[in-house]
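Engineer: Predicted model, plus sequence, below.
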Amino acid sequence: MVRPRKCRLVERLPTITYFKPQGIPMSQLSEVVLTVEELEAIRLRDLEGLEHEACAEKMAVSRPTFHRIIAGARKKIADALINGQAIRVEGGNFRVTLLKLECKKCGHTWEGTFCRRHTKCPSCKSSDWAKVE
């Protein structure tokens, strides 16, 4: 019997979930599907520059599991770029992490999810906030 997969922790949900090559009609495109946790692995390692151990810890997985996630994500992205395919970000086995946030306007702190477009301070309704480390 196969053991159920653990939920991976994801700090932020993607706001843009579809990328396609310019000039190719949608009807002629094939797609590569990247899961939300694969995108999170790319963000942590390649954008934030964290080491595999730190990335694995943030996603609540083992280092070998993180390596498999990022290797799969990079292969899918390379396939899409080289072969002119669209990339759709959807699905996966994850849950969004609650972060400690602080309003830069009034100083109020709260726990919430990271979403620049929708998150507002519950106290003063300001959109000017930062993640507290």
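Structural biologist: Good, I have the coordinates.
Engineer: From now on I want contacts and neighbour counts done on CA atoms only, so please keep to that.
Structural biologist: Fine.
Engineer: Tell me how many other residues surround the nearest residue to Glu90 once chain neighbours are set aside.
Structural biologist: Leaving aside its chain neighbours, Glu90 sits nearest to Thr35 (5.1 Å; criterion: Cα to Cα, 6 or more residues apart in numbering). Around Thr35 there are 19 other residues, counting by other Cα atoms under 10 Å.
Engineer: Quick check: Thr35 vs Lys20, distance?
Structural biologist: Note on Thr35: its distance to Lys20, by Cα to Cα, to the nearest Å, is 16 Å.
Engineer: picking that back up, let's see the pLDDT reported for the residue nearest to Glu90.
Structural biologist: Thr35 is assigned 96 on the pLDDT scale.
Engineer: Kindly report the same for Ile87.
Structural biologist: Value listed for Ile87 in the pLDDT field: 97.
Engineer: Likewise for the one 5 residues further on?
Structural biologist: pLDDT, the model's per-residue confidence, is 91 for Gly92.
Engineer: just checking, it touches Thr35?
Structural biologist: Yes - under the criterion of Cα atoms under 8 Å, Gly92 is in contact with Thr35, at a separation of 5.0 Å.
Engineer: Nearest residue to the middle of this structure?
Structural biologist: To find the centre residue of the chain, average its C-alpha atoms and take the closest one (Cα atoms, centre = their mean): that gives Glu40, at 3.0 Å.
Engineer: What sits closest to Ala86 if chain neighbours are left out?
Structural biologist: Of all residues not flanking Ala86 in the chain, Lys20 sits nearest, at 4.2 Å (Cα to Cα, 6+ apart).
Engineer: tally of neighbours for that neighbour?
Structural biologist: Neighbour count for Lys20, taken as other Cα under 10 Å: 18.
Engineer: Tell me which residues touch it, please.
Structural biologist: With contacts defined as Cα atoms under 8 Å, 6 or more residues apart in numbering, the neighbours of Lys20 are 85-87.
Engineer: For those, could you give me CSV that also reports distance to Ser30?
Structural biologist: Supplementary listing: the contacts of Lys20 in CSV, determined by distance: Cα to Cα, whole Å:
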residue, distance to Ser30
Gln85, 5
Ala86, 6
Ile87, 9
